[in-house]
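Colleague: Compute the structure for the input listed below.
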Amino acid sequence: MRAKGSRLRLREGAARLRRLLYPPACLACGDLAESEAGLCPPCWRDAGFLQGVLVCDLCGAALPGRDDGEVQCDDCLRQPPPWSRGRAALAYGGTGRALVLALKHGDRTDLAPALGGWMAAVAAPLLAGVRRPVLVPVPLHWTRLLARRYNQAQHLAAGVARVLDLPVRVDALCRTRRTAPQGAGGRAGRLAALEGAIRPHPRRAGGVEGCTAILVDDVLTTGATLGACARALRAAGAADVRVLVLARAGRDG
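Modeller: Here you go, the predicted structure:
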């Protein structure tokens with residue numbers, strides 16, 4: 001027992017020394033933070049965390065009122081998405097936007113474990129009563145993957161999987177052609193561009209048959225990309241499709 005206590009004190013002392021030499025830095029701005037993989041107070045206040053607030057049960061958008069039931073926003077009531085439930089960890093603005101852009105375009109794959117942990121924290125409603133849940137990252141076309149060198153959705157899915165101990169079906173979907181970036185064109189243009197561009201993988205889509213597929217991506221804006229993925233997963237035999245994203249933007253954002 002004495003030896004075990006000594007080892008514990010040594011580890012605690014080493015951890016204190018490490019924090020002294022390498023103090024925790026904010027994930028978003030690099031300033032001092034209170035903990036590893038955390039945010040400084042200003043970035044935390046600007047992060048727009050959606051855990052514990054009322055959100056649309058389908059798209060994860062923040063809504064006015066208390067978090068006391070399942071509700072749907074006006075957009076989803078008018079035009080229901082082709083998935084059954086959705087959640088986001090952050091609002092796409094301020095710190096949330098900065099983190100998305102750093103991960104997606106800034107080679108900051110080191111952010112993914114922490115960001116995936118935040119996503120896992122809001123995933124409970126997606127897993128309630130679910131049998132055989134699997135995580136499916138939104139795919140990139142091979143040319144974009146070659147240029148970027150990584151798929152940010154795949155890194156986020158791995159971060160979620162580490163916390164929730166869920167399998168990841170990396171190759172369940174594939175992009176058959178390269179489409180224009182989804183930051184412009186409006187909903188109608190995005191839907192037209194994605195028509196037939198995302199399909200079940202001809203050899204590996206069987207891993208989602210009969211499962212509840214939880215689509216993972218960095219941002220939900222109009223939902224066009226996620227909708228195309230959801231339809232492809234249904235075609236592959238998924239029993240249900242749900243959506244988990246890092247950040248939720250407005251449909252026109």
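
Colleague: This protein: helices as residue ranges?
Modeller: For the chain, the helices defined by DSSP state H occupy 2-21, 41-45, 74-78, 95-105, 112-121, 124-127, 142-148, 152-164, 186-194, 224-235.

Colleague: closest one to P202 among those?
Modeller: Distance to P202, taken as C-beta to C-beta, is lowest for helix 224-235 among the helices of the chain, at 11.8 Å. For the C-beta atoms, the positions are set from N, CA and C on the backbone; glycine is no exception.

Colleague: related to what we said a few turns ago, could you tell me the least trusted of the helices of the chain?
Modeller: Lowest mean pLDDT of the helices of the chain: helix 2-21, a mean of 53.

Colleague: just to revisit the earlier point, I'd like to know which of the helices of the chain is closest to V208.
Modeller: If you check each of those against V208 by C-beta to C-beta, helix 224-235 wins as the nearest, at 5.8 Å.

Colleague: Report the separation between Q154 and A205.
Modeller: For Q154, the distance to A205 equals 16 Å [C-beta to C-beta, to the nearest Å].

Colleague: Quick check: D57 touching E70?
Modeller: Yes: under the criterion of C-beta atoms under 8 Å, D57 makes contact with E70 at 4.4 Å.

Colleague: And these two? Which one has more around it.
Modeller: Counted by other C-beta atoms under 10 Å, D57 and E70 do not tie: D57 has more neighbours, with 18 against 10.

Colleague: OK, contacts around the more buried one?
Modeller: 70-72, 85-86, 125 (C-beta atoms under 8 Å, 6 or more residues apart in numbering).

Colleague: swap the cut-off to 6 Å and go again
Modeller: 70, 72, 85 (C-beta atoms under 6 Å, 6 or more residues apart in numbering).

Colleague: With respect to G93, which of these is nearest?
Modeller: Q72 (21.8 Å).

Colleague: Tell me how many other residues surround that closest one.
Modeller: Using other C-beta under 10 Å: Q72 sits among 16 other residues.

Colleague: Need the pLDDT of V168.
Modeller: 97.

Colleague: ok, now which ones touch it?
Modeller: Here V168 is in contact with 135, 157, 161 (criterion: C-beta under 6 Å, 6+ apart).

Colleague: Mind checking which of the contacts of D57 land in strands?
Modeller: Counting by DSSP state E, the part of these found in strands is R85.

Colleague: Of the contacts of D57, which one scores lowest on pLDDT?
Modeller: Out of the contacts of D57, that is E70, at 82.
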